[in-house]
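A.B. asks: dropping a prediction and its sequence here:
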Amino acid sequence: IFYANERLGLREHGQRALLYMSSHVPVAQQEINELVPDSFYRDLFMNPCLNGWARGEEKLRYMRLCHKVLSRSHLNILAKLRNAGIITRNLVVLPNTSNASLATNGTHITIGSRVLTRAAKEKKISPAAEKYAADLVSKAMEHFLPLFVGEHTAAPFRLGFENFHPEKALGFLAHELDFTQLRMIWRRWKKKAKLSVFGWRLTPFGPARIDAAVAKIFRLRGDFIPDFRLVDYFMTLLSTDESPSLDGTIGNAERLKKDLCDLGIFDPAMSVYTLFRQRDFAKYGFCGFEGRHYSLFPRIRSGVTDAVRLQSALAAALYRMALAGTLRHEDIPDTPGVESERRQIFFSRAVGLPTFYVRENSGNAFLERILAYAKRTRKSRRYPGYIRVKTKDYCLAAIDFIRIEARETVALCGAGTLLETLRMRILENGEDSAAGTLAGEVCRRLRAKNPLDVPAETFNRETENYCRESLRRAHFAEGAETARDLLGESAGADFMRNMDAAFDGNASPETLRALIAKMLRALETLRKKFSP
C-alpha cells in the first residue's frame, strides 16, 4: 500500500490508500449506498484488482452476484417480519435495494489437522465419513461460539432511537432464526434499549424529524451493541424442513441452497454461509475447519493467538467426543427449530442481551448437557414451557463443560489457563474483553464515560476514526515487531527504522521495495518453520 501511494502517484495527486481493519462499513460509504442505485454501487466498490485472487475477473463476477443476492434477500425479510408479528403496522422503512454489509465479512480463521489430513491421504477415512464427523463437530461447535463473541473480537456500534426500525435493525436475523427466537430477541432488545414511554413499548415512526423530536423529548438514547457486524451481515443459513444443512450427508449444502434459491433468499452459485465450516480434503487438500465468526481484533498477536488456541482446543475436544460416541448426530436434531434455538445464544451475545430462553423439551440433548452446568436457571413466567437462562451463566457453563468432560483434550492442548482467563474475563463483565477495550478507547477519545452518553452517529464516526488512526498504527506495530523477530537482531533494527518512516509517509520507493523484500523473506522463514 505504501509503495502504491508513491509509485502510482496517488500522493502526488492528493490521494492516499490505507489498509486497516474496521468494525463496520464506513459511515460515508453507507450514506453513498443510500443515494446511488445498487448497480452503480457495485461499480464503485468492487474491483477485480484488489481481491487477491489469481482470477480477478471471475472473482469480480462472484462478488457482484453476492451483492445482488444479499440485497434482494434483505428485501424479502419484510414478509418474514410481518408473519412473525414484529412488523405490526403498514408504515415501514423499506431496506435499500443495495446492501453494504458485504464490506464487513469479518475475519476467517482456518485450522487444519495433520492427523486427519494424513488419514484422508491414506484413504483411512472416506469422504462420507469425513463429512459425517465434520457436520457433527460443526453443529456442536455452534454451542460454544458465544464464548468468542465480544471477548476475542467485537464490532462496537451505536443505534439511535431513529435506527430501531426492525426491518433494518434486525439485519438478516429473519433468515437465520425461526420466528419464535426472532420475536424473543426483538422483545428483549427493545427492553434492553429502554424503548418505552410511560410503560408503553415504542419504536420509531419513520419520518426523521418526528423520530428525532420523540427521542429528544423522552430521552430515548437507543442502544450500544457489542458486535453489530454479526447481526448486520448474513452469517449463516437456516435449514429448511426438507434440507438440513448439517445432517452429515454429502450434498446437503447444495440441496439447502437450492431450496433457499426457490424462496428468494440465496443463490446456488454462492458458497454456503455458516458459522463454522468444514474444509474437506477433496476440495482443499486438507481436513479442517474455518471459523467465520470473528469480527475485529483489538490486539493481533495476543488476540488471534488466544482465539486460535481456543478454536483448536474446542474442535479437538468435540471431535474426540464424536469418535468416542459420547457426541452423536441424534443428540442435536437437524430441524430448523433446534438449529435456531442454539444459534439464538450466539446472536443474543452479539446484541448484548442478558438472557435467552430454551424449551424444556427441545430435544437437543447436547444443549441440555451444557445447561446442567449452569448455576442459575428457572422456568419462564412469560413463556410457559421455556427455561430462562442468563447469557453469562451459559458461557460459564460452556467453559465448565469443556474443562470437565474434555479434561484430557484440554490438557493435551494446554488450554487450561486459557479457559480460566476467559472465565475470569466473563465474570468481570468484559472490562478487558474485545468489546470493552474497543468501546473504551472510543469513549476515551470522546471524553465520555459510556457509549450511550454520546449520539449514535458521533460514536460510530469516532469508532471509524479510531480504527483508521490509532488501531491501524497499533496493528502495524505488532506486524512490524513480528517481522523483526523473524529477521533476527541485525536486520531487525534497520527494518524497524524504515517501517516507522514508511508508516509516517517519509520512505522513498527504493526503501519501500527493500522493505517488501524483507517482508517476503520473513514470510518464507515462517512458512519453512511451520511446513510439515
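C.D. replies: Arrived safely. Numbering: from 1, shown residues only.

A.B. asks: secondary structure element for the spatially most central residue of the chain, which one?
C.D. replies: A centroid search over the chain (C-alpha atoms, centre = their mean) returns His293, at 3.5 Å, as the residue closest to the centre. Using DSSP states H and E, His293 falls within strand 287-294.

A.B. asks: contacting residues around the helix or strand that that strand is followed by?
C.D. replies: On the C-terminal side of strand 287-294, the closest following helix or strand by DSSP H and E is helix 301-324. Contact partners of helix 301-324, identified using C-beta atoms under 8 Å, 6 or more residues apart in numbering, comprise 109, 111, 133, 136-137, 140-141, 144, 147-148, 152-153, 289, 291, 294, 297, 327-328, 402, 405-406, 408-410, 412-415, 418-419, 421-422, 434, 478, 481-482. All C-beta spots, glycine's among them, are computed from the backbone N, C-alpha and C.

A.B. asks: change it to 6 Å
C.D. replies: 111, 133, 136-137, 140, 144, 152, 289, 291, 297, 327, 402, 406, 409, 413, 415, 418, 478 (C-beta atoms under 6 Å, 6 or more residues apart in numbering).

A.B. asks: got it, and stretch 168-181?
C.D. replies: The contact list for stretch 168-181, computed with C-beta under 6 Å, 6+ apart, reads 77, 80-81, 84, 182, 231-232, 234, 236, 238, 265, 336-337, 340, 344.

A.B. asks: of the contacts of helix 301-324, just the buried ones, PyMOL syntax please.
C.D. replies: In PyMOL, this line selects whichever of the contacts of helix 301-324 come out buried by 16 or more other C-beta atoms under 10 Å:
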select buried, resi 111+133+136+137+140+144+152+289+291+297+327+402+406+409+413+415+418+478
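
A.B. asks: the contacts of helix 301-324 in strands, which ones?
C.D. replies: Under the assignment DSSP state E, those contribute Ile111, Phe289, Gly291 to strands.

A.B. asks: can I get those in a markdown table including pLDDT?
C.D. replies: Formatted as a markdown table, the ones in strands among the contacts of helix 301-324 follow (pLDDT from 0 to 100):
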| residue | pLDDT |
| --- | --- |
| Ile111 | 96 |
| Phe289 | 97 |
| Gly291 | 97 |
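
A.B. asks: list just the nearest of those to Ser531.
C.D. replies: Closest approach to Ser531 among the ones in strands among the contacts of helix 301-324 (C-beta to C-beta): Ile111, at 15.7 Å.

A.B. asks: distance of the closest one relative to Ser302?
C.D. replies: Taking C-beta to C-beta, to the nearest Å as the measure, Ile111 falls 18 Å from Ser302.

A.B. asks: run a quick neighbour tally on Arg255.
C.D. replies: Neighbour count of Arg255, defined by other C-beta atoms under 10 Å: 18.

A.B. asks: list the contacts of Ala84.
C.D. replies: By C-beta under 6 Å, 6+ apart, the contact set of Ala84 is Phe179, Leu182, Arg183.

A.B. asks: please, which helix or strand holds the second one?
C.D. replies: In the assignment (DSSP H and E), Leu182 maps to helix 179-192.

A.B. asks: tell me the buried residues in that helix?
C.D. replies: Buried residues in helix 179-192, counted by 16+ other C-beta under 10 Å: Phe179, Thr180, Gln181, Leu182, Met184, Ile185, Trp186, Arg188, Trp189, Lys190, Lys192.

A.B. asks: likewise for stretch 456-465?
C.D. replies: By 16+ other C-beta under 10 Å, the buried positions in stretch 456-465 come out as Ala456, Thr458, Phe459, Asn460, Arg461, Glu462, Thr463, Glu464.

A.B. asks: follow-up on the earlier one: let me know the closest of the contacts of stretch 168-181 to Gln278.
C.D. replies: In terms of C-beta to C-beta, no member of the contacts of stretch 168-181 lies closer to Gln278 than Thr236, at 13.6 Å.

A.B. asks: what's the first helix or strand after the helix holding Leu182?
C.D. replies: For helix 179-192, the following helix or strand on the C-terminal side (DSSP H and E) is strand 196-197.

A.B. asks: returning to that earlier point: what would the buried residues of helix 179-192 look like in TSV with distance to Ala253?
C.D. replies: Listed next are the buried residues of helix 179-192 as TSV, based on distance: C-beta to C-beta, whole Å:
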residue	distance to Ala253
Phe179	24
Thr180	25
Gln181	22
Leu182	23
Met184	28
Ile185	26
Trp186	29
Arg188	31
Trp189	30
Lys190	35
Lys192	34
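
A.B. asks: what ranges do the strands span in this structure?
C.D. replies: Residue ranges of the strands in the chain, as given by DSSP E, are 107-113, 157-159, 196-197, 200-201, 223-225, 276-279, 287-294, 355-359, 377-379, 386-390.

A.B. asks: just send these back as a markdown table, with distance to Ser490 too.
C.D. replies: Putting those into a markdown table (distance: least, C-beta to C-beta, whole Å) gives the following:
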| stretch | distance to Ser490 |
| --- | --- |
| strand 107-113 | 33 |
| strand 157-159 | 45 |
| strand 196-197 | 65 |
| strand 200-201 | 66 |
| strand 223-225 | 48 |
| strand 276-279 | 39 |
| strand 287-294 | 36 |
| strand 355-359 | 56 |
| strand 377-379 | 60 |
| strand 386-390 | 55 |
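
A.B. asks: of all these, which one is nearest Leu486?
C.D. replies: Proximity to Leu486, assessed across the strands of the chain by C-beta to C-beta, is greatest for strand 107-113 (20.4 Å).

A.B. asks: what does the closest one rub up against?
C.D. replies: Identification of contacts with strand 107-113 by C-beta under 6 Å, 6+ apart yields Arg279, Phe286, Cys287, Gly288, Glu290, Gly291, Arg292, Tyr294, Ser312.

A.B. asks: list the contacts of the third one.
C.D. replies: With contact taken as C-beta under 6 Å, 6+ apart, Cys287 is in contact with Ser113, Leu116, Thr117, Ala120, Phe281.

A.B. asks: ok, now the fifth one?
C.D. replies: For Glu290, the contact set (C-beta under 6 Å, 6+ apart) comprises His108, Thr110, Arg277, Arg279.

A.B. asks: before we move on, back to that, just give me the closest of the buried residues of helix 179-192 to Glu58.
C.D. replies: Leu182 (36.1 Å).

A.B. asks: can you give me the buried ones in stretch 385-404?
C.D. replies: By neighbour count with 16+ other C-beta under 10 Å, stretch 385-404 contains the buried residues 386-403.

A.B. asks: ok, now how distant is Thr335 from Pro244?
C.D. replies: Thr335 is 7 Å from Pro244, by C-beta to C-beta.

A.B. asks: and those two? Which one has more around it.
C.D. replies: Set Thr335 next to Pro244 and count neighbours by other C-beta under 10 Å: Pro244 wins out with 22 against 18.

A.B. asks: would you mind measuring the gap between the ends of stretch 323-334?
C.D. replies: The straight-line separation of the ends of stretch 323-334 (C-alpha to C-alpha, to the nearest Å) is 19 Å.

A.B. asks: quick one: it to chain centroid distance?
C.D. replies: Relative to its parent chain, stretch 323-334 has a centroid offset of 26 Å by C-alpha atoms, centre = their mean, to the nearest Å.

A.B. asks: and if you look at stretch 23-34?
C.D. replies: Taking C-alpha atoms, centre = their mean, one finds stretch 23-34 lying 18 Å from the centre of the chain it belongs to.

A.B. asks: same thing with stretch 430-437?
C.D. replies: Mean-position distance between stretch 430-437 and its chain equals 16 Å (C-alpha atoms, centre = their mean).

A.B. asks: what's next to that stretch, contact-wise?
C.D. replies: Residues contacting stretch 430-437 (C-beta under 6 Å, 6+ apart): Gly150, Glu151, His152, Thr153, Ala154, Pro156, Pro226, Pro298, Arg425.

A.B. asks: related to what we said a few turns ago, just curious, which of the contacts of Ala84 is nearest to Gln15?
C.D. replies: For the contacts of Ala84, the closest approach to Gln15 (C-beta to C-beta) belongs to Leu182, at 43.9 Å.
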